[in-house]
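Novice: Here's my sequence, what's the structure:
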Amino acid sequence: MATSMDIAQIVPVKPDGTNYIHWASIVRTFLKGRNLWRYVTGACPLPVLAADNSNLKAVDEWEINNSKALTLLVSSMSPSISFLIGKFDCAHDAWVFLEKRYMGTNFAQKYKLAMDLHSLQQMSNQSISDFYAQMSLLWDQLAAMDPQFKYEEDTVIFQKYIEEAHLVQFLMALRDEYDSIRSSVLHMSPLPSVESAFSGVVSQETSSPYWGPFGSSLGEVATLYLHSSRTTLQPAFRDDSLPSQPSTSPCPIPTFGDIQEMINMALIGLGQGTSSALLCLPVQCINCKLGKHTALPFHTSETHSLAPFDVIHSDIWGSAPIATMGGSSYYVIFVDDYSRFVWVYLLHARSEFYNAYVNFSTMVRTQFSKSIKVFCLDSGGEYVSHIFRSLLQSHGTLHQLSCPYTPQQNGVAERKHRHIVETARTLMLSSSVPKQFWGEAVLTSVYVFNRLPSPILQNSTPFTCPYGASPDYSILRVFDSTCFVLLPDRERDKLSAKSAMCVFLGYGIEQKGFRCFDPMANKLRISRHVTFWEHLDSVAGSPFDDTLSPSPPAVDVLVPSSASPSEPIPPLAPDVPPSAPRQSSRIHRPSVRLNDYHCFFSVLTSVYEPSSYGEASSDPLWQQAMAEELQALDKAHTWNLVSLPPGKSPIGYKWVYKVKTKADGSIDRYKARLVAKGYNQEYGIDYKETFAPVTRLTSVRVLIAIASIRHWDLFQMDVKNAFLNGALTEEVYMVPPPGSSHPSGQVCRLRRALYGLKQAPRAWFSTLCSKIVKFGYTQSSHDSALFIRQSSSDIVLLLLYVDDMMITGDDIQGIFDLKRYLSSCFEMKDLGQLRYFLGLEVLPLDDGYGLSLVKYASDLLNRAGLSDSKVCDSPMELNAKFWPADGELLSDPTLYRQLVGGLLYLIISRPDISYAVHVVSQFMSLLVTFIMLRSCILEIH
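Specialist: The predicted structure follows:
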């Protein structure tokens, strides 16, 4: 029989208001062992006494067991807490009271447990089993505070998330000696359970550190001990109960013959047939270790990444003995472990590594939609700085450093350095390029490496893996070959040479062109209008000598000064064919200044946006866009498939297709959006409040002006499928869209605020606002979409327009923290520096920022059908009078009203069209012919 003394001994923990979960778990186990737990939980209620007292025995038994359970509960508590439940006669009521009092609102305890779990690390002398038990206890205590979900699928999703979180926490807290297992687990697909990872670590902990040539652990065979007076060969066991190893006192170093004799004697004593086994036996001699210790061998890594950008190797080379023409003395490389593709950035100083990594990681996320999982590098100072570690943590990237003074552990990057430098050196020695052009040789070497077949990739090229296409070898040219670069109009007149003789140094980094050095002008030219003479060496053997000598270059050999204009110019080489007639060989090219203009509008006029599902379903690009949209909706658990309740009617849906373009008009992506037909909703039935604040344009301009004055950086972020983050409180049903699997006769009950619903903007804004305010930001009283966090020394501002965010301030670390927090709450897209916001092109200048609406105006011209009109001044006549009777009414006034609204927005940067816009906006109700609006739009051309 359980007594109060029993429970006092078994439950040493007394509840004090902060350890309720720990106490409750021990008491629960104690009461279950005595078959009293069901009286505490209420699973065994008090029987109702029958009129004939037939169940009196059962009632008495319940009273006895209930009293036992209540007594044991009181006995396990401190007097101050047991006094609180003295008024209860039922153990279940007392337990419910304690649970509500100490667990329901015990946020401080939950915070303490989370902090303990976050700071938990395996101690150097702590076994895996003890460490795992300590962590499991914290997990169990936190699990008792987890919310209860209404839907089973939510419970499954949450449980999977918790299991992955436990695995990450367990791996992060392990000692460094388990890095191999940690790396192996992170590269498994799918991820194992935390119990499986624990078993693997236990296996490594208990396994033998070294195995001999006979397959048995040398720790279990024999050990040779050298002492000052004797040599002993005896078994060495792991069992602590057996004799321990002899002491390893210092010993004199014997001669080689003495050692050989000792080895032979030991072999005779063992009875072994060969001496190879003894060579592996460790000699326990301190002086030998101090005097002969060598570096351990570096074995080839057996772990390989499974996908591009899972593992990135990096290292900085430099400083160079001479700086490049641009002032760079270093370069940093980023090597993808999977494809071996190399990215290289020239640096002026090692401190620029941080910016180089930010640019590289942003490029990876934007161009390849990937995230860097593991970043491998050495232990240089620029790699272990606090701000760089914080950046990696904000992106969820594991920071894998080599041991101090052990660059061999970063072998991939080190070997790539050697390959690059040796190739660049060879290119420079085989040509006449001075050392100051080592940067161009490095860039060219990397460009070629990425396009060469690699045996690691089964003779595929590193370029093919990330880009999915074969490289174009037709553009490759001979380094240091002679070439002719067409000069721009501003550098020549009608009587001067049209091209400059240059030396080819490489390929454009941000341009589709060639990098050529002009020795005469002493400048680097980047152009696509280049003609190569690869059959000739560089000009006059060493074209760069002209930059060091005042003598003019020997160009007269090409056009002799003695030749008169009427005489034909002699051929440059014997094998060059004679010139064809002038009329047939001339190539007519449009003016260079119109290249961007034609390219920009060719994109606008070629964009096709389907108007129906039938049109889009026949195009693979739009099919892919719709599949991505359905996948995002399924990931967000937007709806449940249910049978339509009586009296309810589902609303319809519609696919909206939009081609997203960049600021220069080029296509960014194809976007398909599934929207609900919210106009079928009825107020009070399936929606109530709909208002959601958005920022005013005045706030946007003021914020950019402040950032310009104070030289703040402007950042931009975008929320992917923002409305899906808003939860619906109303009961809304929708017809299932095509392409989604659903049983016949069922409809979608919306759980998330789908685009098109009247309450969707409000639901999304409420969700975001609560998250931002929770992070310490406050809403501005002047603009509800402006959030501010200000301290005595710095400030961070966030401006929201639906799902587009503008972030600025003087606290860079605070901005990074905000980005990291938003990425943990929602699926975000970091767009880097602000470039395009609400139709405004933000142009960074030396003294601030400039605003432009060029693309916005071009879109208006395209919608009005005037994109092909020629540019000319066509101002509206002053004091012009228009009357409704001057023309016929428009059959569809929608386009007219849309264009007038767009023109009103355009006045921000084009005040010169204010009068014309004012005139056409007077006819919004009586819409006549399009002539007035056409004359107004032509003013912006």
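
Novice: Identify the residue nearest E414 in space, chain neighbours excluded?
Specialist: P407 (5.6 Å; CB to CB, 6 or more residues apart in numbering). C-betas here are computed from N, CA, C, even on glycine.

Novice: show me the contacts for that neighbour.
Specialist: P407 sits next to 315, 378, 414 when contact means CB atoms under 8 Å, 6 or more residues apart in numbering.

Novice: Now the phi/psi pair for the second one, please.
Specialist: What it means is D378. D378 has phi and psi values of phi -80, psi -170 when expressed as degrees, to the nearest 10.

Novice: what's the average pLDDT for the lengthiest helix in the chain?
Specialist: With secondary structure taken from DSSP state H, the chain has its longest helix at helix 152-173. Mean pLDDT, taken over the full extent of helix 152-173, equals 82.

Novice: Could you export that helix as PDB, CA atoms only?
Specialist: C-alpha atoms of helix 152-173 as PDB (Å, rounded to 0.1, in the frame of the first residue of the first chain):
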ATOM      1  CA  GLU A 152      -5.900  15.400 -37.600                       C
ATOM      2  CA  GLU A 153      -3.800  16.500 -40.600                       C
ATOM      3  CA  ASP A 154      -2.700  19.600 -38.600                       C
ATOM      4  CA  THR A 155      -1.500  17.400 -35.800                       C
ATOM      5  CA  VAL A 156       0.500  15.200 -38.200                       C
ATOM      6  CA  ILE A 157       2.100  18.300 -39.800                       C
ATOM      7  CA  PHE A 158       2.900  19.800 -36.400                       C
ATOM      8  CA  GLN A 159       4.300  16.500 -35.200                       C
ATOM      9  CA  LYS A 160       6.600  16.200 -38.200                       C
ATOM     10  CA  TYR A 161       7.800  19.800 -37.600                       C
ATOM     11  CA  ILE A 162       8.500  19.000 -34.000                       C
ATOM     12  CA  GLU A 163      10.500  15.900 -34.900                       C
ATOM     13  CA  GLU A 164      12.600  17.800 -37.400                       C
ATOM     14  CA  ALA A 165      13.200  20.500 -34.800                       C
ATOM     15  CA  HIS A 166      14.200  17.900 -32.200                       C
ATOM     16  CA  LEU A 167      16.700  16.400 -34.700                       C
ATOM     17  CA  VAL A 168      18.200  19.800 -35.400                       C
ATOM     18  CA  GLN A 169      18.500  20.700 -31.700                       C
ATOM     19  CA  PHE A 170      20.100  17.300 -31.000                       C
ATOM     20  CA  LEU A 171      22.700  17.600 -33.800                       C
ATOM     21  CA  MET A 172      23.500  21.200 -32.900                       C
ATOM     22  CA  ALA A 173      24.200  20.400 -29.200                       C
END
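
Novice: Can you list the buried residues in it?
Specialist: Within helix 152-173, the residues that qualify as buried by neighbour count (16 or more other CB atoms under 10 Å) are 166-167, 169-171, 173.

Novice: From D718, how far off is the residue nearest to E414?
Specialist: When distances are taken as CB to CB, to the nearest Å, P407 and D718 turn out to be 40 Å apart.

Novice: can you count the residues close to G901?
Specialist: Burial of G901 is recorded as 12 neighbouring residues (other CB atoms under 10 Å).

Novice: Doesn't it belong to a strand?
Specialist: No - counting by DSSP: H, G, I helix; E, B strand; the rest coil, G901 is not part of a strand but helix.

Novice: What pLDDT is listed against it?
Specialist: The predicted local confidence for G901 comes out at a pLDDT of 81.

Novice: Equivalent analysis for P462, please.
Specialist: Reading off the confidence values, P462 has pLDDT 92.

Novice: is it true that it touches S454?
Specialist: Yes - A contact is recorded between P462 and S454 when judged using CB atoms under 8 Å, the distance being 6.3 Å.

Novice: Between the two, which has more neighbouring residues?
Specialist: P462 (24 against 17).

Novice: before we move on, back to that, hey, what's in contact with both of P462 and S454?
Specialist: Shared contacts of P462 and S454 (CB under 8 Å, 6+ apart): R340.

Novice: Can you tell me how far K635 is from K771?
Specialist: Going from K635 to K771 by CB to CB gives 19 Å.

Novice: more crowded one of those two?
Specialist: Set side by side, K635 and K771 give different neighbour counts by other CB under 10 Å, the larger being at K771 (16 against 11).

Novice: Is it correct that that one falls within a strand?
Specialist: No - applying three-state DSSP, one finds K771 to be helix, outside a strand.

Novice: what sits against it?
Specialist: Taking CB under 8 Å, 6+ apart as the criterion, K771 is in contact with 821-822, 825-826.

Novice: pretty sure H92 contacts G42?
Specialist: Yes - counting by CB under 8 Å, H92 does reach G42; the two are 4.2 Å apart.

Novice: Among these two, which residue is more densely surrounded?
Specialist: A direct count of neighbours by other CB under 10 Å for H92 and G42 places H92 higher, at 20 against 14.

Novice: Downstream of whichever helix or strand the more buried one is part of, the next helix or strand is which one?
Specialist: The secondary structure element spanning H92 is helix 91-102 (assigned by DSSP states H and E). Using DSSP H and E, the helix or strand that directly follows helix 91-102 along the chain is helix 107-119.

Novice: how close does the most centrally placed residue in the chain sit to L398?
Specialist: If you average the C-alpha coordinates of the chain and look for the closest C-alpha using CA atoms, centre = their mean, you land on S371, 3.9 Å from that point. Here the criterion is CB to CB. By it, S371 lies 11 Å from L398.

Novice: Please enumerate the helices of the stretch 351-500 of the chain.
Specialist: Assigned helices in the stretch 351-500 of the chain, in chain order: 353-368, 386-394, 411-429, 438-449, 464-467 (criterion: DSSP state H, counting those that start in this stretch).

Novice: which helices and strands sit right next to the shortest one?
Specialist: Using 3 or more CB pairs under 8 Å, 6 or more residues apart in numbering; DSSP states H and E as the contact criterion, no helix or strand is in contact with helix 464-467.
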